[in-house]
Each structure stands twice: as structure tokens, then as C-alpha cells.
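Asks: sequence and predicted structure below; questions after.
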Amino acid sequence: MVRSALSGFAGSTVNFDHSGGVNGVGSYLTLSVPQEDGSSIGIVVSSATLDDGSNERRINVQAVRDNATGDVSHSYYIENGQVLRLDREPSELPSAKASTKNIEGLAGLLLMPPAVGLSSNLERQTSVNPHSVGLDEVSKLAELLVSAQPVKQ
């Protein structure tokens with residue numbers, strides 16, 4: 001899904017090289033899905049090849065209300081061949097960036113793993129437990145990505 005989204009919106013993808021706290025190179029894409037109530041769902045799709053040779057791919061999802069971030073963010077990734085979801089409360093996001101008032105800035109909040117966020121080891125050390133994700137949830141995530149549009153950077 002990550003590769004498909006990045007290639008499908010190649011013109012809106014942002015590439016990075018050892019920036020934003022990432023020890024590697026990669027790309028990310030910020031997407032939005034407008035909702036009927038005027039809010040939207042912000043999505044950041046990211047892929048990175050780290051200096052240690054490992055690859056990290058993530059899809060981060062968070063509701064955006066009244067031009068500010070809100071609600072729990074969900075970070076989907078694969079570890080040991082299993083799709084996992086890490087849920088974070090808004091208070092767990094970096095406070096320095098929490099004042100972001102538009103969806104363009106959502107990328108900075110949600111592009112934490114692999115960019116500047118919790119590594120799997122740190123997640124375990126701090127007792128943040130990822131949840132195993134079933135095929136139904138993966139399918140719903142894929143449907144959400146199909147309905148998303150890129151956010152102009």
C-alpha cells in the first residue's frame with residue numbers, strides 16, 4: 001500500500017535525505033480525506049531506507065477538526081511480517097509541533113516513525129503496545145487511501 005500510494009501521487013511526494021532526525025533517505029506523502037461535517041482525515045504515507053540497511057514503511061492517520069489536529073493518531077507498519085497499529089493520544093505527540101493549525105503541518109506531526117518518532121524498541125521500553133491488525137482493518141485502510149487526495153506542500 002505504501003509503495004502504491006507514493007507512486008500513485010509521485011508528483012506530490014516529498015523526498016528527504018538525512019533530515020528531520022532520519023538517519024537515511026526516503027519519501028513521504030501527505031493526503032487528506034474531507035468529511036461531511038467539515039473535518040478531514042489527514043494521512044501521511046512514508047517510506048525510508050535507513051543507514052543500517054533496514055526499511056521502514058508507515059501509514060499514519062489522524063482526524064483533523066477546525067483546522068487543528070485532534071483525536072488519536074494511528075500508525076500502521078509491518079514488523080516481523082505482521083501488520084501492527086500504534087495508537088497515540090494527541091498529548092503524546094511532540095508538544096513543539098502540537099500548535100500546527102493546518103493539514104500541511106500534519107505531516108510534521110504524523111511523520112514520526114521513521115522520521116523522528118518512537119522506534120519499535122522505544123515503543124516496547126515505554127510500554128506503548130502496538131495492536132495486531134486484521135485483514136478487515138487493512139482493507140478499510142486501503143479504501144481510505146483510494147479516497148484520499150494529496151495536500152499541496
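Replies: Received it, and whenever you're ready, just let me know what you need.

Asks: longest helix anywhere in this structure?
Replies: helix 135-147 (DSSP state H).

Asks: any idea which helix or strand comes after that helix?
Replies: strand 149-150 (DSSP states H and E).

Asks: list the helices and strands that following strand packs on?
Replies: Packing contacts for strand 149-150, counted by 3 or more Cβ pairs under 8 Å, 6 or more residues apart in numbering; DSSP states H and E, involve strand 24-34. For the C-beta atoms, the positions are set from N, CA and C on the backbone; glycine is no exception.

Asks: what bits of the chain have low per-residue confidence?
Replies: The model of the chain has pLDDT under 70 over residues 66-71, 90-128, 153.

Asks: the strands in this protein, which residues?
Replies: 14-17, 24-34, 40-50, 55-65, 68-69, 73-79, 82-88, 131-132, 149-150 (DSSP state E).

Asks: adding distance to residue 138 and mean neighbour count, write those out as CSV.
Replies: Formatted as CSV, the strands of the chain follow (distance: least, Cβ to Cβ, whole Å; neighbours: other Cβ atoms under 10 Å):
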stretch, distance to residue 138, mean neighbour count
strand 14-17, 25, 12
strand 24-34, 17, 21
strand 40-50, 14, 23
strand 55-65, 10, 21
strand 68-69, 24, 20
strand 73-79, 8, 19
strand 82-88, 6, 17
strand 131-132, 11, 10
strand 149-150, 21, 15
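
Asks: and of those strands, who's closest to residue 2?
Replies: Among the strands of the chain, the nearest to residue 2 by Cβ to Cβ is strand 55-65 (4.1 Å).
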